[in-house]
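S.K.: need coordinates for the following:
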Amino acid sequence: MPEVLSGNAVVFTQGGPTAVINASWVGVVEGLKGAKEISGIYGSINGIDGILNQNLVDLAAQDPKTLQAISRTPATQLLSTRHKPTEEDNAAMLVVFKKQNIRYVFGIGGNDTSESLDIIRDAAVKDGYELRFFHIAKTVDCDLKENDHTPGYASAARYVANALRGCDLDNQCFGGFYLAVCMGRHAGFLTAASALGRVEEKSGPHLVYVPEAPFDIDRFCKDAWNVYAQEGRCVVAVSEGIEDKNGTPILQVLSTGKLEADSHGNVQLSGTGALADALVGKIKEYFAGQGVKNLRARGDTLGYIQRSFPDQSPVDREESLGLGKFAAQQALAGEAGGSCAIVRIADAPYQSEFRLVPLGNVAGKTRHLPAEFINQQGNNVTPDFIRWGKPLIGELSPVGILDMSKKIAKQ
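M.R.: So this is what the prediction gives:
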């Protein structure tokens, strides 16, 4: 029989927040509460920084009604960090784990968090201190291996779908060109979600560009011109991480200055609006060459608003809460640890289940938008993606379209 360790548990959140990340850690707390082996359930404030500083809060002592309200609250009440642990950090954390009799570590986050947990786990094994590590998937980018989709993605996708639906309807009023830069460093799932809100066949976004398809600036301008020539307007969604055929980020191709990077080496791609401005500039230049001198053109960077918009996808909230409880159940079943993932088992009606997979299968790895979700031209999504994504975001508000065939005859 697997051994269930006795001691305390600590939960932390790391990396970019989401609309449902609180639901995941509330699920952990609800799953652990009442277990005789668990003496205390601690929340680490600011990710692993809270462990290093012993900045811990008693989660078991929180009012259940407060926890339920928090589970519906966007971003993370435990706060966050992007601190990547060093060898010195690992040694310091082990000291804290021993002082606080912590035997269970639950880390909620994406690629960087799973990598951090893997690093800390190796240090604990080397030290001989028995710890159980459970990674709980989280990222709006949806780019974790072993997952059909990740907690946080569906709510962010819901926002992007709604945002591009509104931008498309706005664009219909005056015509012209509109471009939105969406999050997605190496994976295009969130940008692809812009197509999930299309109102009718000819509605936008007319073009969708993701990192998985090589981006050619000249071809992009021609694609936009072809749409504009037919429709008198063009709406485009692009991932912040679009790259050329050599794998160089387009922002880097178009930028003259040095790009900032975080402790994990992630270059800041969309925080300044530079990519949107540069691409709109290229479009204006190209359209002017086609005789359109005063193009009405606009570029926006959706940025952080995608992550924590207070409108949770119903599926997202239910799965996030459930995945946290699942992690707790695995710990109480004596599992040694791993990464808790969401696996789709049916499309119609949609169904999913949770699985515990080896942490090494997820840590530091990136899942990409499948080839069958991208059209052959590399400038849009396919019906396969729409079928995959629609069940995740929930019902969107209905939109009415005026019947233009009912025009009054001229007198």
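
S.K.: who's in contact with the closest residue to residue 130 other than its chain neighbours?
M.R.: Using Cβ to Cβ, 6 or more residues apart in numbering and skipping the chain neighbours, the partner closest in space to residue 130 is residue 5 (6.5 Å). For the C-beta atoms, the positions are set from N, CA and C on the backbone; glycine is no exception. Residues counted as contacts of residue 5 (Cβ atoms under 8 Å, 6 or more residues apart in numbering) are 37, 103, 104, 130, 132.

S.K.: ok, residue 402 - contacts?
M.R.: By Cβ under 8 Å, 6+ apart, the contact set of residue 402 is empty.

S.K.: give the burial count for the nearest residue to residue 397 once chain neighbours are set aside, as a bare number.
M.R.: Once flanking residues are discounted, residue 397 sits nearest to residue 162: 7.8 Å by Cβ to Cβ, 6+ apart. By other Cβ atoms under 10 Å, the residues close to residue 162 number 19.

S.K.: distance of residue 162 relative to residue 197?
M.R.: Using Cβ to Cβ, to the nearest Å, residue 162 is found at 6 Å from residue 197.

S.K.: show me this structure divided up by domain.
M.R.: Domain assignment for the chain, taken from automatic domain parsing, gives 7-140+311-357, 157-306+370-389.

S.K.: out of those domains, which gets the lowest mean score?
M.R.: Among those, domain 157-306+370-389 carries the lowest mean pLDDT, at a mean of 92.

S.K.: how long is that one end to end?
M.R.: Using Cα to Cα, to the nearest Å, the end-to-end distance of domain 157-306+370-389 comes to 8 Å.

S.K.: residue numbering should commence at 7 henceforth.
M.R.: With the count now opening at 7, the last piece we talked about shows up as domain 163-312+376-395.

S.K.: which among the domains of the chain is found nearest to residue 406?
M.R.: Within the domains of the chain, the stretch nearest residue 406 is domain 163-312+376-395; the backing value is 9.3 Å (Cβ to Cβ).

S.K.: and that closest one, how far from the chain's centre?
M.R.: Relative to the centre of its chain, domain 163-312+376-395 is centred 17 Å away, using Cα atoms, centre = their mean, to the nearest Å.

S.K.: mind listing the strands for the stretch 307-417 of the chain?
M.R.: Per DSSP state E, counting those that start in this stretch, the stretch 307-417 of the chain carries strands over the ranges 343-353, 356-363.

S.K.: related to what we said a few turns ago, how about the contacts of residue 11, which pair is most distant?
M.R.: The largest separation in the contacts of residue 11, counting by Cβ to Cβ, is between 43 and 136 at 13.2 Å.

S.K.: more crowded one of the two?
M.R.: Neighbour tally, residue 43 and residue 136, criterion other Cβ under 10 Å: the higher count belongs to residue 43, 16 against 12.

S.K.: which phi and psi values does the more buried one adopt?
M.R.: Main-chain dihedrals, residue 43, degrees, to the nearest 10: phi -80, psi -20.

S.K.: which residues touch it?
M.R.: 10, 11, 12, 13, 338.

S.K.: leaving out the residues flanking it, which one is nearest to the third one?
M.R.: Closest residue to residue 12 apart from its sequence neighbours, by Cβ to Cβ, 6+ apart: residue 43 at 4.7 Å.

S.K.: same question, the fourth one
M.R.: With Cβ to Cβ, 6+ apart as the criterion, residue 13 has its nearest non-adjacent residue at 3.4 Å, and that residue is residue 109.

S.K.: packing partners of the helix or strand hosting the one you found?
M.R.: Taking DSSP states H and E as the criterion, residue 109 maps to strand 108-115. Applying 3 or more Cβ pairs under 8 Å, 6 or more residues apart in numbering; DSSP states H and E, one finds that strand 108-115 contacts strand 13-19, helix 27-38, helix 93-105, helix 117-133, strand 138-143, helix 320-338.

S.K.: in a markdown table, list those along with distance to residue 150.
M.R.: Shown next, in a markdown table, are these (distance: least, Cβ to Cβ, whole Å):
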| stretch | distance to residue 150 |
| --- | --- |
| strand 13-19 | 15 |
| helix 27-38 | 13 |
| helix 93-105 | 23 |
| helix 117-133 | 7 |
| strand 138-143 | 5 |
| helix 320-338 | 12 |
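
S.K.: among these, which is nearest residue 351?
M.R.: Per Cβ to Cβ, nearest to residue 351 of the helices and strands packed on strand 108-115: helix 320-338, 12.7 Å.
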